[in-house]
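Participant: Give me the fold of what follows.
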Amino acid sequence: MSISAHILKALIILFGALCGLVPVASLAAPQPLTEGWEYRWGDIPFTAEGTPDWSLAQQPEQWHAIDFPSNPPGRNGQDQVWYRVTLPAGDWQDPVLYILSIDLIVQVWLDGENIYQYGTFDKDGRGKFEGWPWHKITLPESYENKTLYFRVFSDYTDIGLWGEVSLMDHSELILHILNNSLEALLVAGFSLLVALLALILSLLQGGRKTFTSIALFSLASSVMLLSESSASQLIVPDALMWDYLAAGSYFLLPVGLWLMLDQWLGGTRPPRAISVIWKLHLVYMLGALGLALTGVIGLSFTFPPFDALLLLSLFLMGLITVPRIRLMTKEQQVLVLACGVFSALLVADMAVAHGFMQWVQVPVGLGLLVFILAVVIISLRHYGMTQRALQELTVTLEQQVAERTEKTERLLQREKARAKVLAFENEKSREFAEVVAELQACANLDQAFQVLTEAMPRLCSPIKGMIYRRMACGGYERLALWGYGSALPDLHPVIETLEHMPPPVRLLAGSVEEAEAACRNCQGLVCFSINVEFMNYGPAPESLLLLDAEGISNSGHTEDGAARLMSSINLVVERIGVTLSGLSLKEDLHRFSYEDALTGLKNRRYFDQLFEHEASVALRKELPLSLLLVDIDHFKQFNDTHGHEAGDAALKAFAAILESRFRGSDVVCRYGGEEFVVILPASDIVGASERAEQLREAVRKETVVFEDKDLGFLTISIGVASWPGSTKKPEKLLKLADEMLYKAKAGGRNRVEAFPER
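Facilitator: Residues are numbered from 1 along each chain as shown. As a prediction, this is how the structure comes out:
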């Protein structure tokens with residue numbers, strides 16, 4: 001039978017149980033496996049076939065009796081243990097062994113075969129935490145009176161099996177799990193309902209913090225109960241996900257408790273320590289989950305420190321609350337008492353989890369139910385108070401309706417003015433879309449600013465203005481001016497103001513009056529900065545748009561309309577800046593695609609494209625073409641001796657020498673690694689060889705300095721080939737130069753070899 005069929009069967013029987021038709025306790029008859037357990041510290045050696053050495057495993061002197069297979073005595077830092085037990089006879093048709101939890105990973109062996117494994121064991125018998133699920137171990141029909149072996153690894157505080165260990169029929173397993181989880185599921189659902197109710201009441205009462213903290217606590221409790229219940233794996237079979245949810249909600253519980261305590265003591269001057277403590281718990285939750293998710297620590301190791309912190313926190317809560325309980329309201333006293341019951345059950349559950357108490361199913365959900373019932377009763381009382389307050393508000397609302405009717409008439413007048421502004425904005429939006437399309441079609445910034453120079457007067461009309469562009473030498477150059485005619489204002493103060501403004505230059509304000517006050521030095525002009533993103537130095541005010549403040553005010557018709565118009569202009573300017581930034585970055589990327597990042601020389605891609613072009617030009621014009629292929633001698637040894645950073649410095653120094661030794665028409669490229677290539681248009685084999693010798697001598701005379709330390713000089717080997725002296729086909733020059741470079745290396749390096757003329 002499939003899992004889905006089991007779940008369907010379980011839900012039907014569970015529904016009958018809730019209706020009183022079927023007693024849930026009679027659905028399954030598990031047999032607890034509590035006798036005959038033995039343990040053995042350390043791992044058992046494995047054979048070459050990948051099975052334990054059973055001759056060692058079965059030696060009786062290595063095994064010791066234990067009441068329950070968990071935390072044997074004498075651990076002393078050990079993280080590997082074996083347990084074994086003889087399986088009793090039973091009447092099950094499809095027997096399985098059900099285990100509530102195991103710390104941390106396990107292998108199960110029967111008759112020398114591995115019949116179950118959870119987690120991944122490495123070659124040393126260890127592994128990492130992968131969650132705390134319940135385990136279903138399928139047994140063969142002939143399992144009776146056979147020994148079952150458990151191989152366990154755990155670097156956690158506990159090691160071994162935990163909770164219930166029972167034999168049962170496979171068909172009853174899911175019903176057994178639902179039976180054990182029924183209380184937690186019901187309380188979790190009820191708690192979630194209360195969390196939503198508290199959140200709604202908080203919103204109805206203007207975000208009242210008391211209900212917000214109750215909603216947080218109830219939600220965390222609901223998620224914790226659902227995540228820790230065995231039935232959670234029937235919803236989503238991902239143990240580690242549920243453990244993270246359980247940890248997050250468990251760590252969040254004291255945050256909700258302390259927030260509620262902070263509100264309950266609101267009228268009694270609560271200590272500042274309350275705020276510090278709940279923030280400390282919140283920081284722990286975020287830090288612990290963050291470290292666990294990033295793999296710095298295992299999730300299992302976040303629980304013991306938190307439990308210690310929670311015990312201390314609950315103790316401090318008692319010290320703070322008990323002396324002040326008489327000063328609280330009746331509602332607050334009921335909630336404090338309910339929290340006390342819930343906290344006591346949490347401490348008991350914590351004691352069971354850490355082995356201070358014998359395992360027993362602590363009714364944490366019952367304590368939560370007590371708290372939730374108290375919250376529901378108080379919430380209903382507050383709801384009644386809210387209803388009475390709403391009735392009182394009804395009369396007030398009728399008065400407000402009359403006032404709002406009067407306001408609506410005034411708004412209609414304002415909307416007419418806004419309609420004119422919207423019509424103006426729609427027309428400009430259409431024109432702006434056309435301008436942006438033209439800008440996006442431009443190849444570079446210069447072409448884009450030509451488009452802007454022509455489009456800005458049309459785009460900003462009827463508002464007078466001007467546009468400037470930043471010059472390479474500093475300052476701003478005016479590109480266009482419109483709307484002024486013969487009444488051109490004195491712009492000298494404007495230019496002086498712009499030149500002294502720190503970037504970004506933006507004087508946009510919330511109203512025309514504020515804008516005019518900000519622009520007194522700009523002759524009544526409102527200034528907008530068109531910022532462009534550059535790859536080398538980030539955003540910069542590449543252009544300035546200056547518009548007449550009085551024209552903006554007149555176009556807006558009202559103060560709100562003018563402010564809206566200014567906001568729209570600002571959005572237009574930002575959109576233009578984004579479009580220009582795209583062009584700028586595209587230009588930079590195109591340039592960088594042909595440039596070597598380390599040396600600043602052109603790269604191999606650039607060489608491949610340019611050499612093909614130069615070869616065609618040489619053939620067409622019948623001009624000689626030479627090629628130098630240069631390699632730094634023993635560069636790997638230099639790197640190994642002085643380090644790669646010194647090697648990078650040497651490559652930069654050599655690149656600088658290369659650039660200084662060749663004319664503007666020559667092309668120097670980094671071919672790859674320590675190899676460089678030089679294209680010499682209109683140079684024959686003799687001239688190219690002389691240039692190569694001069695380069696070799698220049699390199700030998702220059703020492704490499706890195707971190708104020710003289711690392712000596714480099715030597716180079718150079719292969720030279722020329723068309724038409726060396727070959728009839730210029731495209732073969734690189735191959736011939738490479739052959740000559742190889743010959744130079746073979747001849748002892750630090751030399752030039754030229755391909756002989758035909």
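Participant: got a list of contacts for stretch 327-347?
Facilitator: For stretch 327-347, contacts defined as Cβ atoms under 8 Å, 6 or more residues apart in numbering pick out 253, 257, 260-261, 264-265, 267-268, 310-311, 314, 317-318, 321, 325, 362-364, 366-368, 370-371, 373-375, 377-378, 381. All C-beta spots, glycine's among them, are computed from the backbone N, C-alpha and C.
Participant: Next, the buried residues of it.
Facilitator: 328, 331-332, 334-336, 338-343, 345-347 (16 or more other Cβ atoms under 10 Å).
Participant: same check, this time on stretch 600-613
Facilitator: Buried residues in stretch 600-613 (16+ other Cβ under 10 Å): 601-603, 606-607, 611.
Participant: who touches it?
Facilitator: So stretch 600-613 is contacted by 593-596, 627, 652, 655, 658-659, 667-672, 676-677, 679, 731, 734 (Cβ under 8 Å, 6+ apart).
Participant: Pull out the buried members of the residues you listed.
Facilitator: Counted by 16+ other Cβ under 10 Å, the contacts of stretch 600-613 give 595-596, 627, 655, 658, 667-671, 676-677, 679, 734 as buried.
Participant: between those residues, which is nearest Thr86?
Facilitator: Asp596 (73.6 Å; Cβ to Cβ).
Participant: Check whether that closest one really touches Tyr671, as I assumed.
Facilitator: No. Taking Cβ atoms under 8 Å as the definition, Asp596 is not a contact partner of Tyr671, at 9.7 Å.
Participant: Show me how the protein divides into domains.
Facilitator: Using automatic domain parsing, the domain parsing of the chain gives 31-176, 179-385, 435-592, 604-754.
Participant: Mean pLDDT and distance to Glu427 added to those, as a markdown table?
Facilitator: Output for the domains of the chain, formatted as a markdown table (pLDDT from 0 to 100; distance: least, Cβ to Cβ, whole Å):
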| stretch | mean pLDDT | distance to Glu427 |
| --- | --- | --- |
| domain 31-176 | 89 | 62 |
| domain 179-385 | 78 | 43 |
| domain 435-592 | 70 | 10 |
| domain 604-754 | 88 | 47 |
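Participant: would a markdown table of these with distance to Leu411 be doable?
Facilitator: Conversion of those to a markdown table gives the following (distance: least, Cβ to Cβ, whole Å):
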| stretch | distance to Leu411 |
| --- | --- |
| domain 31-176 | 60 |
| domain 179-385 | 26 |
| domain 435-592 | 11 |
| domain 604-754 | 64 |
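Participant: For Leu412, which of the ones you listed is the nearest?
Facilitator: The nearest among the domains of the chain, by Cβ to Cβ, is domain 435-592 at 13.6 Å.
Participant: coming back round to it: which one among the buried residues of stretch 327-347 gets closest to Arg751?
Facilitator: For the buried residues of stretch 327-347, the nearest to Arg751 is Leu346 (83.2 Å; Cβ to Cβ).
Participant: The closest one: which element?
Facilitator: helix 330-353 (DSSP states H and E).
Participant: chain center to that helix: distance?
Facilitator: 37 Å (Cα atoms, centre = their mean, to the nearest Å).
Participant: What of stretch 329-336?
Facilitator: On Cα atoms, centre = their mean, the centre of stretch 329-336 falls 42 Å from that of its chain.
Participant: what's the answer for stretch 604-622, then?
Facilitator: That offset, for stretch 604-622, works out to 48 Å (Cα atoms, centre = their mean).
Participant: what's the answer for stretch 527-547, then?
Facilitator: On Cα atoms, centre = their mean, the centre of stretch 527-547 falls 31 Å from the chain's centre.
Participant: do the same with stretch 288-298
Facilitator: 14 Å.
Participant: same thing with stretch 57-68?
Facilitator: That offset, for stretch 57-68, works out to 49 Å (Cα atoms, centre = their mean).
Participant: Likewise for stretch 57-69?
Facilitator: So, by Cα atoms, centre = their mean, the centroid of stretch 57-69 is 49 Å from its chain's centroid.
Participant: Give the next helix or strand downstream of the helix or strand that contains Leu167.
Facilitator: Leu167 is part of strand 160-169, with elements assigned from DSSP H and E. Heading C-terminal from strand 160-169, the first helix or strand you meet, by DSSP H and E, is helix 170-204.
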